[in-house]
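here you go, sequence then predicted model.
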Amino acid sequence: MGRKVEDLATRFDRLVDRTGEHHLWLGSRNSDRGTGRIKVGNTVATAHRVAWELAHGPLSPKQRVVTCPLSPACVRIDHLSVEGAPADSPPSRGRARKGAGSMRIVRPGTWELRVTIGRWDDGRPRSLTRTITAKSESAAAALLGEFVDEMTGSHLPETQDLRDLTVDQAVDRFLDECLAVEKGRAEKTINDYRYIHERWFSPAIGAQQVKRIESATMDRLFGTMRRAGLSASRLNQAKSLYAPFFRWAKRRGMTTRNPMAEFQLPTSTYRSEERTPPEVEELSILLSTAVEVTPDIAPLLVLGAVTGLRRGELVGIPVSAVAWRKNQITIASAVTSSGKVKTTKTRRSRTFHIDSETTAMLKRHYNQMKEGAAAAGVELAADSFLFSLTQDCSTPMPPDYLTKRVAVLKGYLGIEDKDPDVVVLEDEALRLRRSTPPARPAGKTGPLPGGGLSYREIGAALGRSERWASLAVAAAERREHSQTSGHGDLDFDGSILALRKFTSSELLDAGFNVSVVAQRQGHGPQVLTRHYSKSRASSDKRAAEHLGRVVHGKGQ
């Protein structure tokens, strides 16, 4: 095969050093003037004239390109100028197009359009590309004209680095600079968005440039989430990330179009098996069991049932927020999963009453805090937290600790909502732990083995860690205990969120005004009725009895 022939622009760029202030010609030079020379066809032209014509088009023979006054070998466009007017130039027809376009066929019916508008800071042509489908060359040419017009009037990136950002790089900028700094979004929201991107989108498009992402690609990735059984709320969360992300990227010139502009969310195949919040009797079992099994979080659960506070708000209450004599509590902050104290979700504080028994319980808890600090030889912090794992109560209890302790409590009651496959593995871990111990080797003394397999051996057998094995055995034992303690028939949601739902349901069932309940919960009435007021068996039964009295005329 013969050597591939380079086009003039490629050959020219290969002979230019653009690392400094001046773009110096590395090829042949005129020994007297110091200007560059390059062969174009069968003639030899000056390098600075060729540089100008590559950027701005052909010049007339009467026009002359003036070299850089400081370096004759420089071919940087903004260091050059043109003298003379083109011969026989046509009359002006108004403003001409700033951009120049070209196209090439990729495969039958598919074309790649390229528009060149000016140059980057380093002197290289500023080119933008777009892949389109067209039935004929004339149709593709029409779309090219539209592309040139669109790019001429659009915002373009300042640097080529910005133009060539990958999706991973751009999403990081969007989350850290736009959402966190400019929009002030909560840390948890940003972390949730980051997880969605890393889990579902980054493996497929993270390394691609933002400008290369098309609508069909986003449709395919959302379809993957749908087929995986993700809920509608999770799909909506992903849309809430990428719709504004691509608008932001387009405004900054990272892409020329928004692939989410006409996006429609696929219908989720997820079917919720949500449990209803506890009835009064079930709540009593939950709280009494907490006193026995998880006494360190029992006061928190009582306060959660009384107030309906969010998890982060519960653990973030300072002692100064409780007005002991007025039986009031002020919620002005919350704790994130990382332990950071921030404002509430609505960024507003709210003050409401609590009953005298709850106030007395919190007072007893506070006195126990002081006694514990004195026994450890420390003093409580100036503004200590009501719930803390430190002796001086200077830092709030981590929200994840509360969640883990609630999981232990739910295990004892047999109301865990674990994946069935996880339950099977945990039961198998318990079986291995209780299997017949291996025979003691001859001549070896000491206590008999405590189980059939050690936690390390169980973890190795099930492809998990030693710590997982110990936690799995404990969880299986709690589940077993729930079957023998009379709690095996319980079926309600025992989470912190369920306590919040319990509070709103009880108040609404009792006839309290929706606005009053919403104010205590810290959100609008619409959110309250949509998310936290859940129909329970007792409510449905009371509704049936009421309708029966009305229809059958009883009690009138």
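Here it is on my side, so go on. From a predicted model like this one, the values you see are computed outputs, not experimental measurements.

where does the stretch 201-350 of the chain have low pLDDT?
Counting by pLDDT under 70, the ranges of the stretch 201-350 of the chain that qualify are 267-275.

which residue ranges of it form helices?
202-205, 215-227, 232-251, 280-293, 298-307, 311-315 (DSSP state H, counting those that start in this stretch).

would you mark the buried spots in the longest one?
Along helix 232-251, the positions that meet the burial threshold by neighbour count (16 or more other Cβ atoms under 10 Å) are 234-235, 237-239, 241-243, 245-246, 248-250. C-beta coordinates here come from the backbone N, C-alpha and C atoms, glycine included.

circling back: dump the helices of the stretch 201-350 of the chain into JSON lines; add distance to Arg14 as well.
As requested, the helices of the stretch 201-350 of the chain are arranged in JSON lines below (distance: least, Cβ to Cβ, whole Å):
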{"stretch": "helix 202-205", "distance to Arg14": "33"}
{"stretch": "helix 215-227", "distance to Arg14": "34"}
{"stretch": "helix 232-251", "distance to Arg14": "32"}
{"stretch": "helix 280-293", "distance to Arg14": "75"}
{"stretch": "helix 298-307", "distance to Arg14": "70"}
{"stretch": "helix 311-315", "distance to Arg14": "59"}
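
for those helices, which one sits closest to Thr395?
helix 311-315 (10.0 Å; Cβ to Cβ).

what about the closest one, distance to the chain center?
22 Å (Cα atoms, centre = their mean, to the nearest Å).

center of the chain - which residue?
Most central in the chain under Cα atoms, centre = their mean is Tyr193, positioned 0.8 Å from the mean C-alpha point.

any idea how far the closest residue to that residue other than its chain neighbours lies from Ala186?
Once flanking residues are discounted, Tyr193 sits nearest to Leu241: 4.6 Å by Cβ to Cβ, 6 or more residues apart in numbering. Leu241 sits 14 Å away from Ala186, going by Cβ to Cβ, to the nearest Å.

kindly report the same for Ser81.
55 Å.

that older thread, closest one to Val517 out of the buried residues of helix 232-251, please.
Nearest member of the buried residues of helix 232-251 to Val517, counting by Cβ to Cβ, is Gln237, at 26.3 Å.

just to check, the closest one is in contact with Ile196?
Yes: using Cβ atoms under 8 Å, Gln237 makes contact with Ile196 at a distance of 6.2 Å.

which strands and helices sit next to the helix or strand containing Tyr193?
Using DSSP states H and E, Tyr193 maps to helix 187-196. If contacts are counted by 3 or more Cβ pairs under 8 Å, 6 or more residues apart in numbering; DSSP states H and E, helix 187-196 sits against helix 232-251.

angle of the helix it packs on against helix 215-227?
Counting by axes from the mean of the first three to the mean of the last three Cα atoms, to 10 degrees, helix 232-251 lies at 160 degrees to helix 215-227.

quick check: which helices or strands does helix 232-251 pack against?
helix 167-173, helix 187-196, helix 215-227.

the stretch 301-450 of the chain: strands as residue ranges?
Listed in chain order, the strands of the stretch 301-450 of the chain (DSSP state E, counting those that start in this stretch) span 322-323, 328-331, 334-335, 341-342, 350-353.

buried stuff in the second one?
Residues of strand 328-331 classed as buried: Ile329, Ile331 (neighbour count, 16+ other Cβ under 10 Å).

adjacent strands (with direction) for it?
Strand pairing for strand 328-331, using DSSP bridges, gives strand 322-323 (antiparallel), strand 350-353 (antiparallel).

spatially nearest residue to Val66, not counting backbone neighbours?
Nearest to Val66 is Ser81, by Cβ to Cβ, 6+ apart, at 4.6 Å.

any idea what Ile132 is bridged to?
Applying DSSP bridges, one finds that Ile132 bridges with Trp111.

show me what contacts it?
Taking Cβ atoms under 8 Å, 6 or more residues apart in numbering, we find Ile132 in contact with Thr110, Trp111, Leu113, Ala140, Leu143.

so what pLDDT did it get?
pLDDT recorded at Ile132 is 81.

hmm, back to that, closest one to Arg104 among the strands paired with strand 328-331?
strand 350-353 (63.0 Å).

contacts for the closest one?
Counting by Cβ under 8 Å, 6+ apart, Thr307, Lys326, Asn327, Gln328, Ile329, Thr330, Ile331, Thr344, Gln519, Arg520, Gly522 sit against strand 350-353.

hmm, the fourth one is touching Ile354, no?
Pointing back at Gln328 there. Yes: with contact defined as Cβ under 8 Å, Gln328 counts as touching Ile354 (7.0 Å).

now the helix holding Tyr193 against helix 215-227, angle please.
With the same axes, to 10 degrees defining the directions, helix 187-196 sits at 100 degrees from helix 215-227.

so how far is helix 187-196 off the chain centroid?
On Cα atoms, centre = their mean, the centre of helix 187-196 falls 3 Å from that of its chain.

point out where this structure drops to low pLDDT.
Counting by pLDDT under 70, the low-confidence segments of the chain come to 1-6, 84-100, 117-126, 150-162, 267-275, 438-441, 443-451, 486-488, 530-536, 554-556.

make it 50
The chain contains residues with pLDDT under 50 at 1-4, 87-99.

quick check: nearest residue in space to Arg64, chain neighbours excluded?
Nearest to Arg64 is Glu83, by Cβ to Cβ, 6+ apart, at 5.0 Å.

distance of the one you found relative to Ser202?
Relative to Ser202, and taking Cβ to Cβ, Glu83 is found at 54 Å.

between the contacts of Ile132, which sits nearest Ile496?
Nearest to Ile496, judged by Cβ to Cβ, of the contacts of Ile132 is Thr110 at 54.0 Å.

which strand residues bridge Gly36?
Where Gly36 sits in a bridge, its partners, by DSSP bridges, are Arg29.

does it touch Ser28 like I think?
Yes: here Gly36 reaches Ser28: they are 7.0 Å apart, a contact under Cβ under 8 Å.

which of the strands of the stretch 301-450 of the chain sits closest to Glu379?
Of all these, strand 322-323 comes closest under Cβ to Cβ, at 19.1 Å.

centre of the chain to the closest one, how far?
37 Å.

between its first and last residues, what's the separation in stretch 32-39?
End-to-end distance for stretch 32-39: 18 Å, by Cα to Cα, to the nearest Å.

just the buried residues of it, please?
Across stretch 32-39, burial judged by 16+ other Cβ under 10 Å covers Thr35, Gly36, Ile38.

also stretch 59-71?
Gln63, Val65, Thr67, Cys68, Ser71.

now do stretch 484-494
Quick answer for stretch 484-494 (16+ other Cβ under 10 Å): Leu490, Phe492, Asp493, Gly494.

which pair of the residues you listed spans the longest distance?
Leu490 and Asp493 (10.7 Å).

anything in contact with each of those two?
Ile415.

that older thread, looking at the helices of the stretch 201-350 of the chain, which is closest to His23?
Using Cβ to Cβ as the measure, helix 232-251 is the one of the helices of the stretch 201-350 of the chain that comes nearest His23, at 30.5 Å.

which residues touch the closest one?
Residues from elsewhere that reach helix 232-251 (Cβ under 8 Å, 6+ apart): 155, 170-171, 174, 178, 192-193, 196-197, 200-201, 210, 213, 218, 222, 225-226, 255-261, 263, 265-268, 270.
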